[in-house]
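Novice: I'll drop the sequence and a predicted model, then ask my questions.
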Amino acid sequence: MSWRIEAAEESRGTAGALYAALEERILDRDQARASAVYYDLLRARRPLTELLAEIVRMHAPYTHVPYHERIDDGFVNFVNNDHCLLSARATLNLAAMLDGPLAGLPMAQTIWYVPTALDIWNQKIARAPGHYARGFTMPPGPPPAPVVYWRDQEPLKETGTLRERLGQWLTLVHRGQVLEAYRIFLGLVEEPAHRREVLAELVFAGLIDLQDRSLNNRSYTTGHKAFRARATVELGTAIGWEAAHDVVYAGALDMAVGPRWYSTYEMACNAITVYIEGAHISAIPYSGTTPRERALLSNTGALTETEGAELTEILLHEPEPAYVERISALLLAGKSPRRILDVIQVGAAEVILATETDTNFSLPQHCSEYCSTLGWFYDQFDHPQRLKLLFVAAAYVNQAAWHQARTGDLRPAAIKPPAGADRMTAGQILDRMEAAIVSLDGPQSVAWTQAYLDSGADRSRLMHRLALVAASIGNDPHNQEIAQCLLGDHGKSTAPNRERLLLACAQHTARHRKYGDFMEARRRFDASMGLS
């Protein structure tokens with residue numbers, strides 16, 4: 001391809017043989033031996049961006065699925081989205097939060113996970129081993145080679161204005177024309193002058209694809225296409241777009257893979273008409289943005305503590321359309337959409353804090369990551385439709401809260417620091433917090449986090465330790481993904497109660513379901529790097 005840098009020996013110097021060995025062991029689904037190669041690469045001081053580019057190149061062909069739903073003997077099942085790319089993004093961010101040899105730990109978790117995440121389509125029906133086949137009995141004999149469902153493609157150059165070509169691409173995504181949409185996107189993203197607008201549209205396409213119900217469902221899109229698009233942008237930017245073709249292949253092609261749900265976003269579009277414009281919905285086709293909608297994006301007003309608390313209460317406990325009405329009123333009163341989103345992010349964190357069942361974090365954790373992704377989208381791009389997405393995020397929090405309430409799992413508990421914590425040093429409190437998280441004691445994890453917050457000690461030490469313990473827990477990238485989102489959002493938030501994000505980070509890291517020996521990758525890393 002014209003802008004792809006091939007994975008040739010000369011581009012990696014003396015590390016070429018190591019990368020070849022790493023790829024072979026990943027395709028053999030051999031976690032331990034793949035990790036051993038990574039330790040050698042780390043000792044060789046290979047740069048993180050090179051490591052990330054190589055690992056994405058290795059897994060990209062095998063982490064797509066033909067569809068994200070399947071009907072097995074009359075029963076609808078969901079085929080999970082790929083977490084390999086998301087784990088790489090978490091690595092990029094968590095490594096920056098750590099220091100010294102421990103900065104290599106997040107990548108160790110990605111390397112540990114990737115061999116278990118190839119060809120999840122066959123994993124879901126027990127034809128291949130891996131993360132999604134835990135608990136199944138595999139057929140005798142060696143596992144089959146992972147399948148490539150969507151081959152890489154050549155770019156397709158279209159004519160017309162940029163807006164026309166982006167509209168054509170999004171239409172093809174909407175219709176599920178996977179390969180044609182991907183080829184057009186490749187052609188678009190090759191144009192440096194337009195790349196930011198193209199990437200913004202990629203993330204927008206992910207953000208509007210969100211389910212409209214969840215109770216009694218296990219087949220729904222929880223925002224993963226938005227997360228995948230964000231990972232594409234962040235990794236491509238870090239690696240350099242001239243070398244990021246494999247990242248685009250891993251992230252952009254999936255946008256058109258079905259099923260796709262846009263009804264929540266449609267609600268948000270109509271909310272602008274009804275609650276912002278004060279007009280009635282009719283059968284005529286609508287399009288674009290209104291002058292008032294665009295003007296509201298420039299609002300700068302901050303929410304008071306009372307306004308933030310009231311919005312949170314509505315999001316968590318009142319049915320639709322209460323949150324639509326309140327957000328509309330705040331916008332019309334001059335409040336900043338981005339500052340409203342800060343409060344919505346805290347609302348998502350509150351749902352995590354009120355969840356107690358380790359197998360019931362799916363909606364809360366994905367909701368929090370969606371709200372984080374939208375905040376990042378606001379900060380990175382001036383996309384014209386982003387005001388509508390504020391209502392989508394609020395709908396997601398409201399839906400997640402009602403889901404948890406209806407499944408008996410929206411039970412906020414009073415948080416009290418442990419007795420005697422006020423006589424301990426900051427380091428002693430952090431040690432106890434880490435021990436509680438690793439022992440999967442949610443209440444104590446949150447209590448010790450609150451003790452640290454109450455001590456008034458440097459928040460950066462707390463965030464460093466939360467990042468470290470999240471990077472220590474393996475076998476599921478959610479352990480790293482959600483933590484780095486909550487930590488990153490805390491650093492940007494203006495919400496008066498933004499420290500609830502840090503409490504939610506401790507809660508999720510401790511309580512979200514763990515698989516197998518979740519500390520094995522950390523122990524192997526420590527032993528190999530001389531840290532144990």
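Specialist: Now that the structure is in, tell me what you want to look at.
Novice: Please identify the residue most distant from the middle of this protein.
Specialist: Arg423 (38.1 Å; CA atoms, centre = their mean).
Novice: And it, what's its pLDDT?
Specialist: On the pLDDT scale, Arg423 is placed at 97.
Novice: Roughly how far does it sit from Asp454?
Specialist: Distance, Arg423 to Asp454, by CB to CB, to the nearest Å: 12 Å. For every residue, glycine as well, the C-beta is placed using N, CA and C.
Novice: try Ile284
Specialist: Relative to Asp454, and taking CB to CB, Ile284 is found at 57 Å.
Novice: higher neighbour count, those two?
Specialist: More crowded of Ile284 and Asp454, by other CB atoms under 10 Å: Asp454, with 13 against 5.
Novice: Just the local confidence number for that one, please.
Specialist: Asp454 is given a pLDDT of 98.
Novice: dump the residue contacts of the closest residue in space to Leu48 that isn't next to it in sequence.
Specialist: Nearest residue to Leu48, sequence neighbours excluded (CB to CB, 6 or more residues apart in numbering): Ala95, at 5.9 Å. Shown in contact with Ala95 (CB atoms under 8 Å, 6 or more residues apart in numbering): Leu48, Ala103, Gly104, Pro106, Met107.
Novice: Can you add distance to Thr300 and give these back as JSON lines?
Specialist: Shown next, in JSON lines, are these (distance: CB to CB, whole Å):
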{"residue": "Leu48", "distance to Thr300": "37"}
{"residue": "Ala103", "distance to Thr300": "37"}
{"residue": "Gly104", "distance to Thr300": "42"}
{"residue": "Pro106", "distance to Thr300": "36"}
{"residue": "Met107", "distance to Thr300": "40"}
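Novice: Do you have the strands of the stretch 1-150 of the chain handy? List them.
Specialist: For the stretch 1-150 of the chain, applying DSSP state E, counting those that start in this stretch gives strands covering 69-72, 75-78.
Novice: mind listing what's buried in the first one?
Specialist: In this case it means strand 69-72. Neighbour-count burial for strand 69-72, counted by 16 or more other CB atoms under 10 Å, picks out Arg70.
Novice: Now render the strands of the stretch 1-150 of the chain as JSON lines, adding distance to Pro146 and mean pLDDT.
Specialist: JSON lines is the format used below for the strands of the stretch 1-150 of the chain (distance: least, CB to CB, whole Å; pLDDT from 0 to 100):
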{"stretch": "strand 69-72", "distance to Pro146": "17", "mean pLDDT": "89"}
{"stretch": "strand 75-78", "distance to Pro146": "20", "mean pLDDT": "87"}
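Novice: In CSV: these, plus distance to Asp476.
Specialist: Below are those laid out as CSV (distance: least, CB to CB, whole Å):
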stretch, distance to Asp476
strand 69-72, 22
strand 75-78, 16
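Novice: any idea how far Ala354 is from Tyr220?
Specialist: Per CB to CB, Tyr220 is found 21 Å from Ala354.
Novice: ugh, typo on my part, it should be Ala295
Specialist: The value you get for Ala295 to Ala354, if CB to CB is used, is 36 Å.
Novice: Which one's more surrounded, these two?
Specialist: Ala354 (19 against 11).
Novice: Check the burial of the nearest residue to the more buried one once chain neighbours are set aside by counting its neighbours.
Specialist: Counting by CB to CB, 6+ apart, Ala354 lies nearest to Pro412, which is 4.3 Å off, once chain neighbours are set aside. Neighbour count of Pro412, defined by other CB under 10 Å: 11.
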